[in-house]
Structure formats: C-alpha cells, structure tokens
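Engineer: got a structure for you, letters missing:
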C-alpha cells in the first residue's frame, strides 16, 4: 500500500532515532543492579506504544520485571493479532571485546552496533512502528494486541502466570513474533520451528577450603580437573551425547524432510571463514544445517573455579562450576531432560568430590504449520516486499514461551524474523542492519493485511 510506504519514508529517520534511544537503556534482566533500568525501559516502551496509536498501554507488574501490554482494537468482528517481543537484553560481558560501548549505539557500514540491537529491541520496535504506520494512515485491517516482556533472557519465569491471569484480555487468533533470523536479505526465509531448552548449573566440591597446590596437589582430588573430565565424558567419539535416555524421544525426520532442510542455501567454507574456524564440529552423520536445526545438543556456556585473576596464585580450588545448556527437539520434554541430566551427572562423579546440579529454566521445542493461513500471510508479505518467496527453515535457538502460548492460550505462532545469523546476538558487538530494520517495518503491515484477508476464507 502506497500510503504505508509514504508514511514510512517520511518518518524513517525518527524511527531509527527512537530505536537508538531505546538501545541506550541497559535493560539487563539477569543482573539486579540494572533493575531500575529495566523498569525505565518498560515505561519507554509503553509511551512508544501510546504514541504509535495504541488505544491503551500499561506497564504490568510481575514478581520480577514488568510486562508492557497495549492494544489497538478496530472492530471486534475482525481477526486479532497478538504481537510478542521482549525489551530485556543479555549482559554485555565481556566488555573488553566490544568495539564500542554496548549501550552507546553506533551505526557503521549500515549496521547498528549495540546490545539488544537485534535481540530483541530492534525487531520488537519494528512492530511498534508498523502499528504506527497503519494507525496513523487509518489502514489497520485487524485488531492488534502487543505484549512486550522484560524477562525473556532469564527464562520468562513470570510470563506463564501473566498468561493464566489474562486469558480473556489476551484472546487472539495468532501470535506474531520477530525474535528470529532469516538466511539473508537476498534469500529471505521464515523459521517454521525452534528447539527447546534445558539450562543447568553444576557445582563440584572437593576439600572444605582452597588448598596450596604444592602442599596438597596430587593427593586431593581437584574439583576443576574432575569437572573437566566429567564434562568431557558427556560426548562420545562421535560427538553423541552420553546422558542415558537423552535420545529416547527424539523425533527422527524422514529422508525427504532432511533433504528439504539441506536444500537451503549454505556455503560451508563461508560459514567457517565467518567464524574463524578451520573445521566444523558436531554429531556424526548429520550436516551442519541438521546439527543446528533438527538435532539436540549439549553445550558448556561457562566454566570457572579457583583463581582467575591477574598473575599467578598456586591454588587447588575447593569448588568448580559450569553452566550447561541443552537444545531440544520434538518430542523431548525439558523437565524430563533436566532430570536425566541430573541423574547422569551425579552418577559419574568419582569418589572424593560431591556434585550439586541445579536446573535453571527450560522450554519446549515447537514446530509451526506451514500450511496455515497465518504462515501463508507471512510468506505472502515477504514475497511482496522482498520480491521472492521465503524458504521455510528450522531455527537452532529457543523461545520457550512459544510452546507456552499454545498450551495456555491455545494459539499458534508465526516467527517473522528479520535478523541474521551473524548478528552476534548474546555476544560482543551485537548488530542489526538498518536495512533489515526498515524492511521489517515495511513487511509487517502486509502480514496484517493478508492475514485479515485470508482469515475467513
């Protein structure tokens, strides 16, 4: 619609400036010292929703960080789209690896560098500006409800209760989420599935205090050494996960389904070059696209213990720790996998140490139907603005609340992401292309248009 395009062109500089202001707020949900900043960001999102034309918008308290909810109701007889996103961001550590301040956004070579640029402030804000585009041009073809939370990066621990308590208010026909990626701007895609997650922390304890490594080394089990050995045993020589029962419920795809996944454009040499690695790694018998989309994984996210400061300290540590995440596929269940891991890890602890395993948070894998009216509307919207049909892909990441939406609200989800795999989300120098930001604002209104048109067909 030309009226949308004109409005977006007239306001594009303001749209970008507003996003940069949001990125300057260090809304790190995992760190309590940023609590006031998280609250400040929630308030800012609410004000942006109201300015965009929402009938109502409010900051809803939870037991943790608040949820921002707003809506624009055109006509109860029209379909309703529930937009979900999150305004909280990952911690910026390690700070010394950033080329610029993580909360001092800069634009370089057409890319916005800042924590949250892609995950998820940039993508979430596209929806607010798309709503503004439609509301201000009197061309909104459906009802829009918007729910932006502040705890996605810490497991959405309070979102479940919010959904339960607000089922009536959140009634909709589809959930629309932009917190995923596409292959490229030249090869657009839509993720049709996401892996689940089981996130664990392990603690290995040896002696009752740190010891002198010269006096006691070789005579007392070193928790750091033991932990490394235990972690190393979690994969066999084929990089197959050794946790007993881990694969029991894994859904195996047919040869045709696997072939379809591998038909997506992928250059293994470019992949290795981009990552600075000489070779890929993973479960034997599967391609890189399969390993990152349809196979479960187990990865160490962090490991520490003993002395890690500057210089030397000859210490045999009393404790060693690690954080471990497992990505899950249909039909694995996060609680079951967490229990299997705990039982296994405790069973392989040698004499001389004790082990504590804590489950932090998890979520279930999801597969979204590609033959639904909502998916077809998203595909048509992509085709309209990109000039080519999108490729369906499976995402390697996890958005635990997608399964929660279906279980609690009975709603399917469309994953209309505009990020790129090399956007460094969760890493230093996170980025989001300005072109992707604008393309999302251009595309999202077409989703609403085509969804409304096809809803009653």
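Structural biologist: Perfect, I can see it now. Since we're looking at a predicted model, the values are computed, not measured.
Engineer: going forward, measure contacts between C-alpha atoms and count neighbours the same way
Structural biologist: Will do.
Engineer: tell me the secondary structure for the residue of the chain positioned farthest from its centre?
Structural biologist: Ranked by distance from the centre of the chain (CA atoms, centre = their mean), the top residue is residue 215, with 46.9 Å. At residue 215 the chain is in helix, as set by DSSP: H, G, I helix; E, B strand; the rest coil.
Engineer: what's the distance between it and residue 429?
Structural biologist: 44 Å (CA to CA, to the nearest Å).
Engineer: just residue 331 next, same as before
Structural biologist: Applying CA to CA to residue 331 and residue 429 gives a distance of 35 Å.
Engineer: Which one's more surrounded, these two?
Structural biologist: Legend: neighbour count by other CA atoms under 10 Å for residue 331 and residue 429, higher for residue 429 (22 against 16).
Engineer: Contacts only, for the more buried one.
Structural biologist: Neighbour list for residue 429: 97, 98, 99, 100, 102, 113, 114, 115 [criterion: CA atoms under 8 Å, 6 or more residues apart in numbering].
Engineer: for residue 88, same thing?
Structural biologist: Contacts of residue 88 by CA under 8 Å, 6+ apart are 27, 28, 29, 38, 116, 120, 121, 149, 150, 151, 152, 153.
Engineer: Compute the number of surrounding residues for the first one.
Structural biologist: By the other CA under 10 Å criterion, the neighbourhood of residue 27 contains 28 residues.
Engineer: correct me, but it touches residue 33?
Structural biologist: No - the criterion here is CA atoms under 8 Å, and residue 27 misses it with residue 33 at 10.0 Å.
Engineer: pLDDT on the helix or strand where residue 343 lies, on average?
Structural biologist: Using DSSP states H and E, residue 343 falls within helix 334-347. Helix 334-347 shows a mean pLDDT of 98 in the predicted model.
Engineer: what's the spacing between residue 436 and residue 186?
Structural biologist: 11 Å.
Engineer: Overlap of the contact sets of these two?
Structural biologist: In contact with both residue 436 and residue 186: no residue, using CA under 8 Å, 6+ apart.
Engineer: need the next SSE after the helix holding residue 343, C-terminal direction.
Structural biologist: That would be, after helix 334-347 and using DSSP H and E, strand 354-363.
Engineer: Partner strands of that following strand, with direction?
Structural biologist: strand 196-205 (antiparallel) (DSSP bridges).
Engineer: wait, isn't residue 258 in contact with residue 290?
Structural biologist: Yes - with contact defined as CA under 8 Å, residue 258 counts as touching residue 290 (7.4 Å).
Engineer: okay, those two: which has more neighbours?
Structural biologist: Comparing residue 258 with residue 290 by neighbour count (other CA under 10 Å), the higher total belongs to residue 290, at 19 against 16.
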